[in-house]
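Engineer: What shape does this take:
(chains A and B)
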2 protein chains.
Amino acid sequence: MSEKTINNQLIEKINLLIEEKKVSDLNNIIKTLHNADIAEIIKQINLEKAKYLYKLIKDEKAALVIVELEDNIREQLLSNYSAKEIAVDVIENLESDDAADLISEFSKERKEEVLSHIENIDYANNISDLLSYSEDTAGGLMAKELIKVNENWNTLLCLKEMRKQAESIKKVHTIYVVNDEDQLLGLLSLRKLLLSQNNEPIKNIIKKDIVAVNVFENNEQVASIMRKYDLIVLPVVNDNNELVGRITIDDIMDVVKEEAEKDYQMASGIIEDIEINDNIWTVTKARLPWLLIGMIGGLIGAELIGFFNLKENIELALFIPLIAAMGGNVGVQSAAIVVQGIANNSLKTNNIINRLFKELITGVVNGFICSLLIFIPILLLGYHIKLCIIVSISLLAVIVFAALFGTFIPITLKKYNIDPALATGPFITTINDILGLFIYFLIGKAIF
Amino acid sequence: MSEKTINNQLIEKINLLIEEKKVSDLNNIIKTLHNADIAEIIKQINLEKAKYLYKLIKDEKAALVIVELEDNIREQLLSNYSAKEIAVDVIENLESDDAADLISEFSKERKEEVLSHIENIDYANNISDLLSYSEDTAGGLMAKELIKVNENWNTLLCLKEMRKQAESIKKVHTIYVVNDEDQLLGLLSLRKLLLSQNNEPIKNIIKKDIVAVNVFENNEQVASIMRKYDLIVLPVVNDNNELVGRITIDDIMDVVKEEAEKDYQMASGIIEDIEINDNIWTVTKARLPWLLIGMIGGLIGAELIGFFNLKENIELALFIPLIAAMGGNVGVQSAAIVVQGIANNSLKTNNIINRLFKELITGVVNGFICSLLIFIPILLLGYHIKLCIIVSISLLAVIVFAALFGTFIPITLKKYNIDPALATGPFITTINDILGLFIYFLIGKAIF
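Structural biologist: Residues are numbered from 1 along each chain as shown, chains lettered A, B, ... in the order given. All right, here's what the predicted structure looks like:
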């Protein structure tokens, strides 16, 4: 009834039962577990045991467990399956969107072979249709299963037809109303249907003012529409306004999560979506580009220090790490606030001047506090008073400058339709490192 | 029918209409817009105009627009409203969870006053009950409105009772089945109800194997359960397993989003949840702690450089920014991968050794590539060969070390139930800065 926790004890028990090939005990455990929990167990045991366990899962449950797993484990579990087995045992037990996601991972030949083994031709056609849309569009997210009724029916006929349609559909989310051309007109609330007389014409109780998206709409846009209007299901129409599918919010949760993770990865200097279990080469490829930017920054830093010829004022070298770090930190903070503001639509990008002004004030406040806080301890630590003054003034200047820069860059990127999250992470840190050092040496040379 | 975009043109037009007090034109625009869109317009015009516009919105729509707005704007819009107006015009038009959220922002006296003006006693009691739960629990997220049927009824009686309940409930999500003690037994799928005979006993078609959460469950846990089991509505029970409410996924979307944003803010060096429109002092308070850490790191860096007495090997100063930056960058990358792995449950924290070994290899691969890539250009730029060798070897060592450190820290934090996201951002950068410099000077002194 309530959630079952997959603890180490259960995993150990299952490992042992698999080793001893206690099929009926394993079947009893499988029976009591939710698909998502079985998937979690499969992820936590080794591949051979996972294959053994998976073979024990029957029918629909086996299909639903596969959907919960990541691509690479799926592939391995299904590697021994024939195209026919995949079609009959797995695909035919899934909703069309999950089926299309699964099939899309296969090679072109295997894809066609699997599709050819699906017995229900309509269903196979639905999957083929879904496969034709790009993954990051409404078409790539939607499922074909939905209940629709004609505006010209009455509630009695409607219930009768719905019963017919419900036989082939596992979950009924919303009842859509279409005209004779299959164009979306609105929806029929279950509540209205319950409250109406049997012979009430659908036309009278249809809710017309609903939101729909085009099948080619970008998936982040779809997510933002569903969030904005608090929708649980969103109908998808083609260019003729014909109802072609529906998107449920559980699929959108993943889009929202991935979007947020992408920003996080950008801020952390990782260039594309990677998972903790990806192989070393994939991880290296995602990390190296930002490291190269850091290296180029470091090289410019070396040239800069050389240019200012520290031999005469060797003490300036002592605070290079402080100045570089603070410039980078402030820049990332400012950029992150802007990036989130843009993502939440709470920042009006047409109002750059106001934003920069506010950031200027914040920078001056932060800068003054920091430069006061650094002055006392370094004076007490016995550094030369001139150096203390240089460090304090530089810190103030660097913080103000980094705050403005960190605000300006993401707003500008956004203006040219480049992902503003690019501005967080190593990019802004590196530029602010260098500019910070430049300001520091300039002030240092002037005062010394 | 489809989403309306709030563009600058529309905003300007509305601004003008408000100035000219063209009420009927404004009413026509309001009529065609969704609540969420009206809320967006209110956010984008100045307060006086927003108040004027808001007064024009009627009944239920006015209540639904308020729900879409942020706390501070809500407060200002409702500041002139009497407790009775709020109760009758706003609260009574909302679902219990939104009503409780709104009321929770009021002072204790105003809270009680507003509650006393709600005519429907049951509804007022429901809101009071919801107000008793902490914001970050299932009880704080749930709404009281739900449809429930008794296991002893048949489908005919069930439909009749549902009709009665549906009159006072705006959206029907799921039909819950309870026993005579009001304890949750399972749910009745709309599909089953559609497909069954009129006199079928509910007992025969109940779906028993469902997930429910306790009313005191933490909201991040609730979000993870809904995501894991792909749920759109989740029933909430008390310690006696009595059905007390339900949580819909649109409320959970906000939790998921906030959770991801929190990690992002941590990685960017912002200590608590702030919004772009917060005032300067709030923003400063959120940013200063991390800046202090950076300053302490910078101070230690200065002492470290002083300790190694660079006067004899002044060239070492040139690559301080490179080494510090690379240590920081690699550390943040490694930590971010671990933090996301933990958040996604894809990292098994009991397997630290394997994880560290993989990160060691990744670090060595990245380190070798970087140290090769830096060696050639600095040699060509004319730096002393000894310095080139020192920089290359140090870079390799720093990258390997930072990778291990960045992996180890968040796993360790997690082990002691501290938020692992703390390990990203300025914390890890600062420590890796210092340790990187230490390694660099050690190698430098040994070779020079």
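Engineer: If you average pLDDT per helix and strand, which one of chain A comes out bottom?
Structural biologist: Within chain A, no helix or strand scores below helix A:190-195, which has a mean of 75 by mean pLDDT, DSSP states H and E.
Engineer: and the next element down the chain from that one?
Structural biologist: helix A:202-205 (DSSP states H and E).
Engineer: Just the residues contacting that next one, thanks.
Structural biologist: The contact list for helix A:202-205 (C-beta atoms under 8 Å, 6 or more residues apart in numbering or on different chains) reads A:149-155, A:158, A:177, A:188-189, A:192-193, A:196. For every residue, glycine as well, the C-beta is placed using N, CA and C.
Engineer: Kindly report the same for stretch A:270-281.
Structural biologist: Looking at what lies outside stretch A:270-281 - C-beta under 8 Å, 6+ apart - the contacts are A:70, A:72, A:258, A:261-262, A:265, A:282-283, A:285-287, A:289-290, B:333, B:336-338, B:340-341, B:344, B:346-347, B:358, B:361-362, B:365.
Engineer: tell me which element the spatially most central residue of chain A falls in.
Structural biologist: Closest residue to the average C-alpha location of chain A: A:E258 at 0.8 Å, with C-alpha atoms, centre = their mean. Take DSSP H and E as the rule and A:E258 turns out to sit in helix A:249-267.
Engineer: okay, the angle between the following helix or strand past that helix and helix A:249-267?
Structural biologist: Moving toward the C-terminus from helix A:249-267, the next helix or strand (DSSP H and E) is helix A:280-307. Angle, helix A:280-307 to helix A:249-267, by axes from the mean of the first three to the mean of the last three C-alpha atoms, to 10 degrees: 30 degrees.
Engineer: Surely A:I361 is within a strand?
Structural biologist: No: assigned with DSSP: H, G, I helix; E, B strand; the rest coil, A:I361 falls outside any strand and is helix.
Engineer: before we move on, back to that, could I get the contacting residues of the residue nearest to the centre of chain A?
Structural biologist: Counting by C-beta under 8 Å, 6+ apart, the residues that A:E258 touches are A:D273.
Engineer: Show the average pLDDT along the strand or helix carrying A:I66.
Structural biologist: Element membership for A:I66, per DSSP H and E: helix A:59-68. Model confidence over helix A:59-68, given as mean pLDDT, is 86.
Engineer: Low-confidence ranges, chain A, go.
Structural biologist: Along chain A, segments meeting pLDDT under 70 span A:1-5, A:170, A:172, A:272, A:348-350.
Engineer: which stretches of chain A form strands?
Structural biologist: Under the criterion DSSP state E, chain A contains strands at A:147-150, A:175-178, A:184-188, A:213-214, A:233-237, A:243-248.
Engineer: In a markdown table: those strands, plus mean neighbour count and distance to A:G269.
Structural biologist: Below are the strands of chain A laid out as a markdown table (neighbours: other C-beta atoms under 10 Å in any protein chain shown; distance: least, C-beta to C-beta, whole Å):
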| stretch | mean neighbour count | distance to A:G269 |
| --- | --- | --- |
| strand A:147-150 | 20 | 47 |
| strand A:175-178 | 21 | 45 |
| strand A:184-188 | 22 | 45 |
| strand A:213-214 | 21 | 34 |
| strand A:233-237 | 23 | 35 |
| strand A:243-248 | 24 | 33 |
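Engineer: Let's have those strands in JSON lines, adding distance to chain B.
Structural biologist: Shown next, in JSON lines, are those (distance: least, C-beta to the nearest C-beta, whole Å):
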{"stretch": "strand A:147-150", "distance to chain B": "9"}
{"stretch": "strand A:175-178", "distance to chain B": "10"}
{"stretch": "strand A:184-188", "distance to chain B": "8"}
{"stretch": "strand A:213-214", "distance to chain B": "7"}
{"stretch": "strand A:233-237", "distance to chain B": "8"}
{"stretch": "strand A:243-248", "distance to chain B": "7"}
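Engineer: possible to save the ones you listed as JSON lines with distance to A:A421?
Structural biologist: Listed next are those as JSON lines, based on distance: least, C-beta to C-beta, whole Å:
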{"stretch": "strand A:147-150", "distance to A:A421": "39"}
{"stretch": "strand A:175-178", "distance to A:A421": "36"}
{"stretch": "strand A:184-188", "distance to A:A421": "35"}
{"stretch": "strand A:213-214", "distance to A:A421": "24"}
{"stretch": "strand A:233-237", "distance to A:A421": "25"}
{"stretch": "strand A:243-248", "distance to A:A421": "25"}
